[in-house]
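Student: Quick one, fold the following:
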Amino acid sequence: MNGRAWREPWGIAELFIVSQTALPAILYLPGTQDIRLSLRMGAFVIPLVLLAWWLLRRGESEHEESHPVVPWAIGIVALVALMFLHPMTTSVQGGLAHLALYVAIISPLFWAPALVRTPTRLRRVMALLLICNGINSLVGVLQVYDPARWLPDQFSRIVTQSELGLGPVSYLGPNGETIVRPPGLFDTPGAVAGPGMYAALLGLIFAATRFKVWQRVACLGLAFAGLAAIYLSQVRISIVVAAAMMIVYFAVLVVQRRFSTATLFGATSGLALAGALIFTVLLAGAEISNRFATLFEDDPLTVYYVARGGQLHYALNDTLVEFPFGAGLARWGMSAVYFGHATLDTPPLWAEIQLAGWIIDGGVLLMLTYCGALVVTALAELRVATQAREPMLAACGAAVFAANLAPMALIFTFTPFVTQVGVQYWFLAGALHGVVQGTRKGVPGAEAAETNLFGDAK
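Tutor: Purely as a prediction, here's the structure:
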């Protein structure tokens, strides 16, 4: 990558990206389970601090056009705030914690545009995302290769104190040994699958650009590590979403008429997917291929229903019917575990997919509002990718649009918008909007960015 871009002073945006990996990574160290709550909260307190900073200096950008999804975001926060008054909210502390979580996750939409104003800055932020997620993935691979050295000494107590222990999060290796699904730089088995998706996509994107050969090889290596980490974690939805992200990015490249990059990107993506599978089968045995072969045992809808369809059915046919206008705050998730106060009238509820979580937190109104916000955001990013006149801006739009596909897809299988995945989603959405505004206003560096930004490889 261009050395001049890296020599420019780092700012809050870069430090924020690093902090989102560095804080949870502290849990990788022995003896840190006692401060787990503080570390996990820290990753969400930082966005709230930045929101306060943005509000204090809001007058400096009051004449800028806001992101089209801002009214939807305000509606989401308003609905959750209203739910604080719900009679089934378990406690004042729990309700405030749950509301703060929603605000923290969506807050980058407001302050990120003030921090990222040029394509060069956005490229550096996404390069840092690749490096952080790539290192995370490499550690995950090493945890299977040499578990005695690389696995953390302690896993999350939520896992270890379960009646089933590590059984559901492990599988047998080629020699009959037990392999724990790698956590990466986290303390939860299998957690590396999420970073693996972003390392795979961003690594392949950067590998298809006009960087130096060694840089492109390094990016391809991180992408390979990301895919290998997903296979080793055995989280099937992650490989499906990663492949979908690649297909979407390839399609946008074709629409942009960047045919040489599309060809290179498509070829390397296919080779990386196949190569990583072969590598992980050699490393961890046939359990890997057997696990992912189940994706093709039936039609996609049947495969989904067997895996998570029951949760979707329950959410729409039971939870929504019982709580059409929500069930109060701090009824599920970490807010309930750490801050809730369950009673016979307000027992804890369970949500394994985001749609169920939204129904509990705000009923049909919150579910539809948040889904609408995601659609509006995706369309805004797609417009930038396909309609921006500046090639650098269009290239940024393509990369962000593809990367932000993951959280949208995961709402049917996971709860991304109460985790750091959601924080990253709204940060990238806000950062892209900041680049759009910076380009329109002629911010220094917005027009003078390198022409090879996510550009066609030679």
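
Student: With adjacent residues omitted, what lies nearest to Gly42?
Tutor: In this structure, Gly42 finds its nearest non-sequential neighbour in Leu23, 4.9 Å apart by Cβ to Cβ, 6 or more residues apart in numbering. For every residue, glycine as well, the C-beta is placed using N, CA and C.

Student: burial count for the closest residue to Ser269 other than its chain neighbours?
Tutor: Distance criterion Cβ to Cβ, 6+ apart; nearest residue to Ser269, sequence neighbours excluded, is Met246 at 4.5 Å. Look at Met246: counted by other Cβ atoms under 10 Å, it has 24 neighbours.

Student: Mind pulling up the pLDDT for Met246?
Tutor: At Met246, the pLDDT value in this model is 98.

Student: same check, this time on Ala446
Tutor: The predicted local confidence for Ala446 is 56.

Student: repeat for the one 10 residues further on
Tutor: At Asp456, the predicted lDDT confidence score is 61.

Student: cool, Gly442 as well?
Tutor: Gly442 is given a pLDDT of 68.

Student: Skip ahead from the helix of greatest length in the chain and say which helix or strand is next.
Tutor: When the chain is parsed with DSSP state H, its longest helix is helix 354-387. Per DSSP states H and E, helix 354-387 leads on to helix 391-403 as the next helix or strand towards the C-terminus.

Student: Show residues contacting that next one.
Tutor: For helix 391-403, contacts defined as Cβ atoms under 8 Å, 6 or more residues apart in numbering pick out 119, 122-123, 126, 198, 201-202, 205, 245-246, 248-249, 252-253, 256, 378, 381-388, 428-429, 431-432, 435-436, 439, 449, 451, 453-455.

Student: And stretch 236-255, by the same measure?
Tutor: Residues contacting stretch 236-255 (Cβ under 8 Å, 6+ apart): 193-194, 196-197, 200-201, 204-205, 226-227, 230-231, 259, 261-262, 265-266, 269, 273, 291-292, 294-295, 307-308, 382, 385-386, 398-399, 401-403, 405-406, 409-410, 413-414.

Student: Stretch 178-187 now?
Tutor: 21, 24-25, 27-28, 33, 36, 135-137, 139-141, 143-144, 147, 151-152, 154-156, 166, 169-173, 189-192, 195-196, 229, 232-235, 284, 287.

Student: same check, this time on stretch 58-77
Tutor: Contacts of stretch 58-77 (Cβ under 8 Å, 6+ apart): 99, 102-103, 106, 109-110, 113-114, 366, 369-370, 372-373, 376-377, 380, 429-430, 433, 437, 441.

Student: Weed out the non-buried ones from the contacts of stretch 178-187.
Tutor: 21, 24-25, 27-28, 33, 36, 135-137, 139-141, 143-144, 151-152, 154-156, 169-171, 173, 189-192, 195-196, 229, 232-235, 284, 287 (16 or more other Cβ atoms under 10 Å).

Student: From those, which land in helices?
Tutor: Those of the buried ones among the contacts of stretch 178-187 lying in helices (DSSP H): 21, 24-25, 36, 135-137, 139-141, 143-144, 195-196, 229, 232-233, 284, 287.

Student: picking that back up, backbone torsions only: list them for the residue nearest to Ser269.
Tutor: phi -60, psi -40 (degrees, to the nearest 10).

Student: Make 118 the first number, not 1, from now on.
Tutor: Taking 118 as the first residue, the last one we looked at is Met363.

Student: mind checking how far Tyr288 is from Pro306?
Tutor: Distance from Tyr288 to Pro306, counting by Cβ to Cβ, to the nearest Å: 11 Å.

Student: likewise Pro236?
Tutor: 38 Å.

Student: And Gly392, by the same measure?
Tutor: In terms of Cβ to Cβ, Gly392 sits 25 Å off from Pro306.

Student: ok, back up a step: what packs against the longest helix of the chain?
Tutor: Under the contact definition 3 or more Cβ pairs under 8 Å, 6 or more residues apart in numbering; DSSP states H and E, helix 471-504 sits against helix 187-200, helix 353-372, helix 427-431, helix 437-439, helix 508-520, helix 522-527, helix 537-558.

Student: and the fifth one, average pLDDT?
Tutor: Think helix 508-520. pLDDT averaged over helix 508-520 gives 96.

Student: Same question for the third one.
Tutor: Averaging pLDDT along helix 427-431 yields 93.

Student: quick one: that helix to chain centroid distance?
Tutor: In terms of Cα atoms, centre = their mean, to the nearest Å, the centre of helix 427-431 is found 23 Å from the chain centre.

Student: tally of neighbours for Ile152?
Tutor: 12.

Student: Just give the closest residue to it, not the sequence neighbours.
Tutor: That would be Ile143: by Cβ to Cβ, 6+ apart, it lies 7.9 Å from Ile152.

Student: likewise Tyr455?
Tutor: Using Cβ to Cβ, 6+ apart, the closest residue to Tyr455 is Leu154 (5.9 Å).

Student: residue at max distance from the center of the chain?
Tutor: Leu461 (35.3 Å; Cα atoms, centre = their mean).

Student: quick one: Leu255 from Ser355, how far?
Tutor: Leu255 is 16 Å from Ser355, by Cβ to Cβ.

Student: wait, Gly284
Tutor: From Gly284 to Ser355 the distance is 21 Å (Cβ to Cβ).

Student: So these two - more neighbours on which side?
Tutor: The neighbour comparison of Gly284 against Ser355 (other Cβ under 10 Å) goes to Ser355, with 27 against 10.

Student: got a pLDDT number for the residue nearest to that one when sequence neighbours are not counted?
Tutor: Excluding the flanking residues, the one nearest Ser355 by Cβ to Cβ, 6+ apart is Ala310, at 4.0 Å. Listed pLDDT for Ala310 reads 96.

Student: mind listing what Ala310 touches?
Tutor: Here Ala310 is in contact with 346-347, 350, 352, 355 (Cβ under 8 Å, 6+ apart).

Student: any chance of those residues in CSV, plus pLDDT and distance to Pro185?
Tutor: Listed next are the contacts of Ala310 as CSV, based on pLDDT from 0 to 100; distance: Cβ to Cβ, whole Å:
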residue, pLDDT, distance to Pro185
Ala346, 98, 35
Ile347, 98, 33
Ser350, 96, 36
Val352, 95, 33
Ser355, 96, 30
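
Student: Let me have those in JSON lines, adding distance to Thr295 as columns.
Tutor: Shown next, in JSON lines, are the contacts of Ala310 (distance: Cβ to Cβ, whole Å):
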{"residue": "Ala346", "distance to Thr295": "18"}
{"residue": "Ile347", "distance to Thr295": "20"}
{"residue": "Ser350", "distance to Thr295": "15"}
{"residue": "Val352", "distance to Thr295": "18"}
{"residue": "Ser355", "distance to Thr295": "22"}
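
Student: closest to Thr436 among the residues you listed?
Tutor: Val352 (24.2 Å; Cβ to Cβ).

Student: what's around Trp171, how many residues?
Tutor: 19.

Student: Relative to Val553, how far out is it?
Tutor: 17 Å.
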